[in-house]
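> fold the following and give me the result.
(chains A and B)
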Amino acid sequence: MDDLAVVTIGDVLVEQDKGSTKMKITRRKFAIGGAAASTFPMLGLARPAIAQSEPIRIGWLAAMTGASSAPAIGFDRGVKYAAETINAAGGVKGRKIEILTRDTQGDPTKAVNATQEMISQLKVHAIWGPTNSGESLAVTPIMARSNMPNIHPCVVTSLIDTKKYPNAFRTAPSLGQWDDAVRGYCLNVLKVKKVAVMGDTTGFGSAAANFSVEALKKDGADVVYAANIDYNQPDMMPDMLRAKNAGAEAIVVWSTSTGMDARLFNTRAAMKWDVPFVGHPSMSSGDVANLIEKRENWNKVYVVGYRSCSFDAAGKLPPRSQEFVDRMKDKVKLSDSLLWWVAGGVDAVNLIAKAIETTGTSSSDDIIKYWNSLTKYPGYFGNYTFSPDQHNGYPTEEVVMSEASSAKDGAFSLAPGYKA
Amino acid sequence: MVASILASGLAVGAVYALIGVTYNTMFSASRVISFTAGMLGMLGGVFGSLFTLRLGLPLVVGFLLTMACCAAVGVVTEFVAVRPVLKSLDQHLYVLSTLALSIMIQQLTATEWSTEPQRFPRLFDIGAGIFDEKFWLPIVACGVAMGALEILYRHTLVGKAFLAIAEDNFAARALGLPERNLRIASYALAGMIGAIAGFAGGELLLAFVANGSLLNFYGFVAVALGGLGNNRGAVVAGFALGIYQQAANFIVGGIFSSVAVFALFIVLLLAAPQGLFGAPTVRRV
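Sure, this is the predicted structure:
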């Protein structure tokens, strides 16, 4: 059969020599072809029926173990909660949600293998994740080649490109949106002009710090000190002294290393300097609380947060978030995670389910088309808006700054200067 | 600034020096450069934090258990990564076997402990600023460990037996010394020295899995500069390295301090391939 191409003409199967117009039709082949051809219409009729009753398979690329597992563990709680809630209510038009989780361990190679398995063997209808940019950079082109509907929360700007990756949608802020919030807080709320920027020496830390320096300069700030610090460096005094001597009035920090964060805070206290730190959410991690020498060393640290997951001055969450938290009470643990991770996991599953419910199909094109039509879709983490030309769905105005040391049930107090 | 450079430079240098001595202790007994030395230092911090902070055991008990656990890891190293390759030392297979074990230890620690740095307890709560115990404790620990090793090697029969197999293990065996048992004991001793490095440096370096590779590298630099097998050389080189690195942190910034260390390392090895305090290798012709 290698040198023959099978074509159908009406109900008759014909084998055609490749590269020639000569056709051979034998009685045996005619009979087989006839049988096959008469079966196909039946299969064709049966397929939609199967599709309408089969489970909705959602691939979930989660770094459940390894260095960057904390977000995925939080997202996973939301994913399971959403799937159980939908299934308990009868599913999506009778179709159950099936979550197919693969632990990528934060390793791009494992993420690639899991993605290929999900597409070619598990035949998932959509993929949620990965949850870190390194993995996402590796798998996004693979998903694009298969037109696999994909939602992810990764911040790296280049992951969203509606021309290259028309199937990929972001439901969390981009790095640019984070930086807007940090820069805006420094310049407009803290009203400082002289800023020091410190990133760690990882790819993310360097890229984010460079991006931040350029944007601060563009907005008229005086970047008096910029450095990349090895997150293993046991003593932060050299960089802190240089920043102080340069006259820094605020320090912007871009690092995912809680050890580096805690050492910076402890060094600031040892120097008796009250300069504010502003930047990456890792500065609010519970691990920092274990590493700081005194609780007050954590004061005046402001991190990127989200209005939907922030307490106002009266200590209250927005009504919709409070309703969400109340509903999850005793079902989902929030005390050791972040509310936005759990809410983001719920929103991802709901977005996929809603697309299939609204369009009535689970075809990739229909799911993508549905997401492209969303304006202010009310999620629990945020109100998402997508269009064919814009797949950064999270609203910039929802990105705020929070007080790093104020965590309670996964949510934070708004940093000083915000109105409720 | 100078006081700060000296305080943290000497403290980190003391940890590097002890890791260098760990390398040497394993090397003397087996002629193997075991890349588990840094992991033993890392485990000193992790076990210390586990026993004293997480399990709440008294300080002395936690310290002794840490020493025992690291000694056990040292013995495992001898059995798993060293003994099988001793017959083919010239092929340098120990580089692979000890590195492989080192990676396994690191991965296991990351899985079972944490990938994030964890707190190490205040041990005595003495001192503040540049006289804080996190700075002077590693220096004191290094001094005590070196003193104890000197007494062991110069004034005890077991110590002299260690020196004998380090000098010529064939001759030592011919004289009836239990070379295999002494080698195992040397690896246990190396484990304990690594444990002291990690425990004493815990407040400075924290109980952090990533310290393993860092100590592996800088401890090796101390050994290479001080001369392989030369403990006094490793201590001098370790302290010098710590101060140099910290000065580079202040002068050229953290990202370039590693480059500065590498540059110095290469220049010094070009000038003195056997290390600053090592004797040139004599080859029989």
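> tell me which helix or strand residue A:137 sits in.
Taking DSSP states H and E as the definition, residue A:137 sits inside helix A:133-145.
> do that helix and chain B come into contact?
No. With C-beta under 8 Å from any C-beta of the partner chain as the measure, helix A:133-145 is seen stopping short of chain B, the closest distance being 14.6 Å. C-beta: built from backbone N, CA, C; applies to glycine.
> where do the helices sit along the stretch 151-285 of chain B?
Secondary structure of the stretch 151-285 of chain B (DSSP state H, counting those that start in this stretch): helices at B:157-167, B:169-174, B:179-200, B:202-205, B:211-226, B:231-252, B:254-271.
> residue in chain B nearest to chain A?
Closest approach between chain B and chain A, counting by C-beta to the nearest C-beta: residue B:117, at 3.6 Å.
> Provide a list of residues in contact with that residue.
Applying C-beta atoms under 8 Å, 6 or more residues apart in numbering or on different chains to residue B:117 gives the contacts A:257, A:258, A:259, A:262, A:287, A:291, B:206, B:207, B:208, B:210.
> same question, residue B:195
B:40, B:43, B:44, B:47, B:48, B:66, B:67, B:69, B:70, B:71.
> so residue A:233, which state does it fall into?
Three-state call for residue A:233 (DSSP: H, G, I helix; E, B strand; the rest coil): coil.
> for the one 5 residues further on, same thing?
Following three-state DSSP, the label given to residue A:238 is helix.
> that one is in contact with residue B:250, isn't it?
Yes. With contact defined as C-beta atoms under 8 Å, residue A:238 reaches residue B:250; the gap is 4.3 Å.
> more neighbours, the two?
residue A:238 (26 against 21; other C-beta atoms under 10 Å in any protein chain shown).
> so how far is chain B from that one?
Note on residue A:238: its distance to chain B, by C-beta to the nearest C-beta, to the nearest Å, is 4 Å.
> now residue A:119
Taking C-beta to the nearest C-beta, one finds residue A:119 at 29 Å from chain B.
> OK, contacts around that residue?
Going by C-beta under 8 Å, 6+ apart, residue A:119 touches A:142, A:143, A:146, A:148.
> can you give me the helices for the stretch 251-400 of chain A?
Using DSSP H, counting those that start in this stretch, the helices of the stretch 251-400 of chain A run over A:258-270, A:286-291, A:319-328, A:339-359, A:364-372.
> could you measure the closest residue to residue A:279 other than its chain neighbours against chain B, distance?
Computed as C-beta to C-beta, 6 or more residues apart in numbering or on different chains, the closest residue to residue A:279 that is not its neighbour in sequence is residue A:253, at 3.9 Å. Remark: distance between residue A:253 and chain B (C-beta to the nearest C-beta) = 14 Å.
> residues in contact with residue A:253?
Contacts of residue A:253 by C-beta under 8 Å, 6+ apart are A:198, A:199, A:261, A:264, A:277, A:278, A:279, A:280, A:283.
> can we see that at 6 Å?
A:198, A:277, A:279 (C-beta atoms under 6 Å, 6 or more residues apart in numbering or on different chains).
> partners of it in the sheet?
Residue A:253 has these beta-bridge partners by DSSP bridges: residue A:198, residue A:279.
> pLDDT score assigned to it?
Here, the pLDDT recorded for residue A:253 equals 96.
> quick check: residues of the stretch 51-200 of chain B near chain A?
By C-beta under 6 Å from any C-beta of the partner chain, the part of the stretch 51-200 of chain B that sits against chain A consists of B:115, B:116, B:117, B:119.
> just checking, the second one touches residue A:258?
Yes. Residue B:116 is within contact range of residue A:258, at 5.4 Å (criterion: C-beta atoms under 6 Å).
> what do these two both touch?
Counting by C-beta under 6 Å, 6+ apart, the residues touching both residue B:116 and residue A:258 are residue A:287.
> please point out which parts of the helix holding residue A:137 sit buried.
Using 16 or more other C-beta atoms under 10 Å in any protein chain shown as the burial criterion, the residues of helix A:133-145 that qualify are A:133, A:134, A:135, A:136, A:137, A:138, A:139, A:140, A:142, A:143, A:144.
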